[in-house]
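> Got a predicted structure here, sequence first:
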Amino acid sequence: MALKNTSLGSMALAVVIAGIIGSGGFENWKAMTAKAAAQEKAVDDFRVWQGQYNHLLPIEQKWKGDVQSVTVVKDLYSVYTLLGTTPYSNPDTLMVSNVQRLTHDGTDLQAQRVCLTSQGSQGMLFEESSFSTLMTGMHKLMQRPDVQIGTITFSYGPAAPNSDKRSASAVVTDFCLLLRDN
Amino acid sequence: MAFTTKSVKKPEGPVIVSNLSQLTSRLAGKHKGRVILSGSLVAGAVGSAEALSGMVVLPARDTKKAGLLTQQRPKKFYLGVDRDAIAMLVKAGAKVSLGVDVLIKYGQKTKADELMLVCMTTASDSTGVTVLRLRKGEIEELQDFCLVPPSDPSFEADVISFVERLKLKHPSATLGWCSPSPKPSFVSMMEAPTSLWNSPPLTTLSLSGKASAVQRHGLAVLLVAATAVGTAGAIWLPYTKYEAASAAIKMDNAQLKGDYTFATERLTLLRAFQSFYRAKGSVEQPLKQFADIVYAAGQVDGLRIQEARVNWPGGASNRDPLANYDFVLTVEMPKHQDATVLEQSVPLLRELSSATGASMRLAANNGMREIPAVGDRPNLRVYIILGNFYNGS
């Protein structure tokens, strides 16, 4: 197979064929390299996404534990029961003033704000016999992630006109209970 | 050209043979080294192969490519090999080289002006001398001479005369003696190294004289095959990466299947949940501060809290001007007769601020007023105090 014995014609043909294969192969190599790089990037993106998702997944579990589903609310009384017993509010005066979609930073949190008020009051009225009991109850209520409030106005005075008995009350404006869609 | 048989490399080195009898004994022996054909077994011709009748003519060579007699026309150089020798070599399967190829190879390496004398004993016992003119990597001239045999008494004089004639004809050239015949002691000139015979270019011979299909097309096929293999290899590497990445993403998807779908909206929602919880913050600190402020206000002598309001962070309506403050206290206290309404408020605000660390001020609108005495109740002064919680700064 020495070079001196090699046919010039076959060698020229071989060079041409090799050139065609080589150039085609180079194009294929470029395309495959680009495709492989894109696929690797997709995997990297997916892994990043997966990591963030797994990191945030407990938040969703917490959300589902903190916020009741709207499906458990059958009537106004079931809304009242969700408020708990402390601090006390009169169920007979309870009204739903507004229902809105819950959004945060422009994102729909797939939940509703059910805003409540007490009839004849500037907001939702809570009452307890002592100021400390009321504060404890309000503290407990405000810690709940499914409760949103505007302002709280405390007052301490006669429980009823011309009454010697005194009570502490709190009027909460923009008092809303959060209920998730499902 | 009739070379004497000589092994130039022991024990399995190439062996130079110059006639059929030497070749026969070489192939019959145990020596399995390469055979270098020369002497009467090989003949060369320039321009036409007619002089090589009766021999197997090898494919013509380009003189320029070989660096051999390039100044002559035409440019084809032919080599003929003894037909019987080829038959014996093919049958024996021996590796073969041509002596002329060794000289061409040597000539291509030689840049200086040199006359190389290749000497051998011919079949008729005379001394054959082939003189090669080497210059600039080429064999410019090639001539054969015949001198008396070494056993002849005039041998020494004949050789010396011959060398002197060469010197006169080529005064600028360096003379060199080349094996196989050993250099006579009575001539003084350089010797070409015997090692040049040790690695002669291989030649494949056939009785047709033409190179086989493998010889003619082997390199071309090899080139195409190598290119194809190289191309396949080059594509294979990124393809394996692509396959690995595809497999990885498929596996991950399979693992997560049923848990969630790969969507940006999903992640955005989770981020919003996280942000929502962060924004809600803790209720401990504001409520405690508010309770402290109410308690401190309750300790002020004669002061009664009418109303205490706390604006929950982020929850108050912007329409309410009082919403810009953390808390609002509406308090009443008996009137100091020797102080104006404003003067009476100054020590009160100082005392409350000092006790709680909160900054306080009177409301700009209706922030202070007097209530005249009614019955047993004395004159009262009512203040609306606005304040912000102490934030540690």
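That came in fine, so what should we check first?

> residue contacts, B:V129?
Taking CB atoms under 8 Å, 6 or more residues apart in numbering or on different chains, we find B:V129 in contact with B:L117, B:V118, B:C119, B:D144, B:F145, B:C146, B:L147, B:F162. (Glycine included, C-beta is placed from N, CA and C.)

> if we look at chain A, which of those are close to it?
Taking CB under 8 Å from any CB of the partner chain as the test, chain A is in contact with none of the contacts of B:V129.

> wait, A:L82 sits on A:V147?
No - A:L82 is beyond contact range of A:V147, at 9.4 Å (criterion: CB atoms under 8 Å).

> joint contacts of these two?
Common neighbours of A:L82 and A:V147 (CB under 8 Å, 6+ apart) are A:L177.

> So for those two, which sits in the more crowded spot?
Neighbours were counted for A:L82 and for A:V147 using other CB atoms under 10 Å in any protein chain shown; A:V147 has more, 21 against 17.

> which phi and psi does the more buried one have?
The phi/psi pair for A:V147 (degrees, to the nearest 10) reads phi -120, psi 130.

> show me the contacts for it.
Listed by CB under 8 Å, 6+ apart, the contact partners of A:V147 are A:L141, A:F175, A:C176, A:L177, A:L178.

> Keep only these that also lie close to chain B.
Among the contacts of A:V147, no residue sits close to chain B (CB under 8 Å from any CB).

> Can you list the buried residues in stretch A:69-78?
Neighbour counts over stretch A:69-78 (16 or more other CB atoms under 10 Å in any protein chain shown) mark A:V73 as buried.

> next one: that stretch to chain centre, how far?
21 Å (CA atoms, centre = their mean, to the nearest Å).

> And stretch A:83-90, by the same measure?
27 Å.

> what do you get for stretch A:26-33?
Remark: stretch A:26-33 is offset 44 Å from the chain centroid, using CA atoms, centre = their mean.

> Stretch B:21-30 too?
Distance of stretch B:21-30 from the chain centroid (CA atoms, centre = their mean) equals 52 Å.

> now do stretch B:168-181
Its chain's average C-alpha position is 50 Å from that of stretch B:168-181, according to CA atoms, centre = their mean.

> same deal with stretch B:385-392?
Remark: stretch B:385-392 is offset 68 Å from the chain centroid, using CA atoms, centre = their mean.

> Quickly check: it near chain A or not.
No - using CB under 8 Å from any CB, stretch B:385-392 stays clear of chain A, with a minimum separation of 12.8 Å.

> Flag every buried residue along that stretch.
B:I385, B:L386, B:G387, B:F389, B:Y390.

> In terms of pLDDT, where does the first one sit?
The confidence metric pLDDT takes the value 92 at B:I385.

> go on, the fourth one?
With respect to pLDDT, B:F389 has a value of 83.

> what about it, distance to A:G137?
21 Å (CB to CB, to the nearest Å).

> what is the mean pLDDT for stretch B:290-299?
Averaging pLDDT along stretch B:290-299 gives 85.

> Need the contact partners of that stretch.
Counting by CB under 8 Å, 6+ apart, A:131, A:135, A:154, B:303, B:305, B:308, B:310, B:326-327, B:329, B:331, B:352, B:355-356, B:358, B:387, B:389 sit against stretch B:290-299.

> Could you rerun that using 7 Å?
Stretch B:290-299 is contacted from outside by A:M135, B:L303, B:I305, B:A308, B:V310, B:F327, B:L329, B:V331, B:L352, B:A355, B:T356, B:A358, using CB atoms under 7 Å, 6 or more residues apart in numbering or on different chains.

> Name the residues of it that come out as buried.
For stretch B:290-299, the neighbour count (16+ other CB under 10 Å) marks B:F290, B:A291, B:D292, B:I293, B:V294, B:A296, B:A297 as buried.

> Following the chain onward from the lowest-mean-pLDDT helix or strand in chain A, which element is next?
The helix or strand of chain A with the lowest confidence, counting by mean pLDDT, DSSP states H and E, is strand A:151-158 at a mean of 81. Sequence order places strand A:166-172 as the next helix or strand after strand A:151-158, per DSSP states H and E.

> what about the next helix or strand after that following strand, average pLDDT?
For strand A:166-172, the succeeding helix or strand toward the C-terminus, using DSSP H and E, is strand A:175-180. Mean pLDDT, strand A:175-180: 94.

> and the angle for strand A:175-180 with strand A:151-158?
Per axes from the mean of the first three to the mean of the last three CA atoms, to 10 degrees, the angle that strand A:175-180 makes with strand A:151-158 is 130 degrees.

> Run me through the strand neighbours of strand A:175-180, direction for each.
Here strand A:175-180 is paired, per DSSP bridges, with strand A:68-69 (parallel), strand A:107-118 (antiparallel), strand A:147-148 (antiparallel).
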